[in-house]
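**Student:** Output the structure for:
(one chain, ligands or ions: 1)
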Amino acid sequence: MDIGRQLDLRMATGDGENSYASNSTIPMKAILQARPLLEKATEELYKSLPLRSTMVVADLGCSSGPNTLLVVSEVMSTICDFVRETDDHRGLELQFFLNDLPGNDFNLIFRMLEQIQNRATKEDKMATPPYYIAGLPGSFYRRLFPCQSVHLFNSSFSLMWLSKVPEDLSRGTHPNEGNIYIGKATPPVVVKLFQEQFRKDFELFLMLRYTELVCGGRMLLTFIGRKSEDMLMHGDVASMWELLAEALQTMIQKGRVKQEELTSFNIPYYAPSLDEVKALIKQTGLFDVELIELFESSWDPQDDDSSSEVVFDCASSGKNVAKCIRAVIGPLIMDHFSEAILDELFMEYASVVAKHLMKGKAKYPIILVSLKTDVH
Ligand SMILES: C[S@@+](CC[C@H](N)C(=O)[O-])C[C@H]1O[C@@H](n2cnc3c(N)ncnc32)[C@H](O)[C@@H]1O
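**Tutor:** Modelled structure (predicted):
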């Protein structure tokens, strides 16, 4: 697979059982965790704007589902609350941009937009400034907006996706036999390729957004990271993909997948450590860090019990995890292998995940960053 040249990354479309829209509870938990920061940034920006201006907000990697509109409605309700409490109307208008790659199911978003309007009470409508919502297809590793035109960027659960599989890996210069990401058997040179691709992409992302933000503009990012600094012991995120590689190997044994197909499949993904992210932000010197922290969320979207490290029903948790991962990686698997293997592969995956969970609960480390531009 040459994802490097033909990246058609997209989450499972529609709103059916296997869609991303029906399987996006974990990112939703992360958005809710970041909510106080989003509220604070929104309120501060709102107060700082001149009368009768337009506040521009963009959600990068918005996907299609309930979370897409969650960010919009959080910003709106923060402003509504502020206006209600202070009677400070300011005559502002709001412009939202919902960005994702062109393969994203933008049609679903447009159909869902009505829900926001229906949910608003009469009182909300009175307190809500006029707002406009537009879809914006394109990679966030390119310029998306004119210089100094955006007040607030949000990006949830998207920046661990690289712009491409590192070229030396997709060209086959360095093999990553039996793995699809960084696994225990991945050679250090390949680990470095993933790390270097993330460095380039993240720095580029920061530079592009800095150019597009107004003076004093804000950016809120959440993405999957890793707890350990040790590259080879990559923790729970690496296990999640290693288990998928294991399920693919079982499919090879059953004659459903060819060995070469697995060898040429790597995912454009990297989970950085908190220190790596801090160092890259510092190195670019473009943003003040308001907050950077790491929190964890169970692999099983239905598990909200943070007091226990035991998985009580591994089989059912395995199925829940498999549904989420299928909604995320299913389209890439379909493009590279075939749609015909999806049901069997993810049944196998559910069972290897269930076995893995018998050792104890597995968690996604999630990095939360709140940034503010310095004076340009
Ligand atoms: C796991 S989803 C998260 C969606 C949503 N923000 C949420 O929190 O539920 C990641 C999204 O990032 C998008 N994405 C990945 N790389 C991107 C890029 N370079 N430019 C724009 N969107 C990208 C994917 O298409 C996908 O929709």
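**Student:** mind listing the strands for the stretch 251-376 of the chain?
**Tutor:** Under the criterion DSSP state E, counting those that start in this stretch, strands of the stretch 251-376 of the chain are mapped to 287-298, 363-373.
**Student:** which one of those is the most hemmed in?
**Tutor:** Mean neighbours per residue, mean count of other C-beta atoms under 10 Å, is largest over these for strand 363-373, with a mean of 21. To be clear about C-beta, it is placed using only N, CA and C from the backbone, and glycine gets the same treatment.
**Student:** Report all helices and strands that that strand contacts.
**Tutor:** helix 25-48, strand 213-224, helix 235-253, helix 274-284, strand 287-298 (3 or more C-beta pairs under 8 Å, 6 or more residues apart in numbering; DSSP states H and E).
**Student:** if we go to 10 Å?
**Tutor:** helix 25-48, strand 150-156, helix 188-212, strand 213-224, helix 235-253, helix 274-284, strand 287-298 (3 or more C-beta pairs under 10 Å, 6 or more residues apart in numbering; DSSP states H and E).
**Student:** and that strand, does that touch the ligand?
**Tutor:** No. Using C-beta under 6 Å from any ligand atom, strand 363-373 stays clear of the ligand, coming no nearer than 10.8 Å.
**Student:** Adjacent strands (with direction) for that strand?
**Tutor:** Strand 363-373 sits in its sheet next to strand 213-224 (antiparallel), strand 287-298 (antiparallel), going by DSSP bridges.
**Student:** if you skip the residues just before and after it, what's nearest to the most centrally placed residue in the chain?
**Tutor:** The C-alpha lying nearest the average C-alpha coordinate of the chain belongs to Phe157 (C-alpha atoms, centre = their mean; 1.8 Å). Among residues not flanking Phe157 along the chain, Pro27 sits closest, at 4.0 Å (C-beta to C-beta, 6 or more residues apart in numbering).
**Student:** so what pLDDT did Ala120 get?
**Tutor:** Note on Ala120: pLDDT of 66.
**Student:** Tell me the spacing between the residue sitting furthest away from the middle of the chain and the ligand.
**Tutor:** Residue farthest from the centre of the chain, counting by C-alpha atoms, centre = their mean, is Asp87 at 35.8 Å. Asp87 is 33 Å from the ligand, where distance means C-beta to the nearest ligand atom, to the nearest Å.
**Student:** does Lys184 sit in a helix, a strand or a coil?
**Tutor:** Assigned with DSSP: H, G, I helix; E, B strand; the rest coil, Lys184 falls in the coil class.
**Student:** doesn't Glu246 make contact with it?
**Tutor:** No. Using C-beta atoms under 10 Å, Lys184 makes no contact with Glu246, being 11.4 Å away.
**Student:** shared neighbours, those two?
**Tutor:** Common contact partners of Lys184 and Glu246 (C-beta atoms under 10 Å, 6 or more residues apart in numbering): Ser239.
**Student:** who's more crowded, the two?
**Tutor:** It is Glu246, of Lys184 and Glu246, that has more neighbours when counted by other C-beta atoms under 10 Å, with 20 against 11.
**Student:** what's the closest non-adjacent residue to that one?
**Tutor:** Leaving aside its chain neighbours, Glu246 sits nearest to Val352 (5.3 Å; criterion: C-beta to C-beta, 6+ apart).
**Student:** number of nearby residues for that neighbour?
**Tutor:** The tally of other residues near Val352 (other C-beta under 10 Å) stands at 19.
**Student:** before we move on, what about Thr222?
**Tutor:** 23.
**Student:** ok so, going back, tell me which of the helices and strands packed on strand 363-373 lies nearest to Asp374.
**Tutor:** strand 287-298 (5.9 Å; C-beta to C-beta).
**Student:** and the angle from that closest one to helix 235-253?
**Tutor:** For strand 287-298 against helix 235-253, the angle by axes from the mean of the first three to the mean of the last three C-alpha atoms, to 10 degrees is 60 degrees.
**Student:** so strand 287-298 versus helix 274-284, what angle?
**Tutor:** Angle, strand 287-298 to helix 274-284, by the same axes, to 10 degrees: 160 degrees.
**Student:** Is the ligand within reach of strand 287-298?
**Tutor:** No. Using C-beta under 6 Å from any ligand atom, strand 287-298 never reaches the ligand; the gap is at least 12.1 Å.
**Student:** Let's test this: mean pLDDT of that strand, rounded?
**Tutor:** For strand 287-298, mean pLDDT is 91.
**Student:** Could you list which residues are in contact with the closest residue to Ser139 other than its chain neighbours?
**Tutor:** Nearest residue to Ser139, sequence neighbours excluded (C-beta to C-beta, 6+ apart): Leu101, at 6.2 Å. Counting by C-beta under 10 Å, 6+ apart, Leu101 makes contact with 7-11, 61, 63, 137-140, 158, 161.
**Student:** Kind regards, and thank you for your time.
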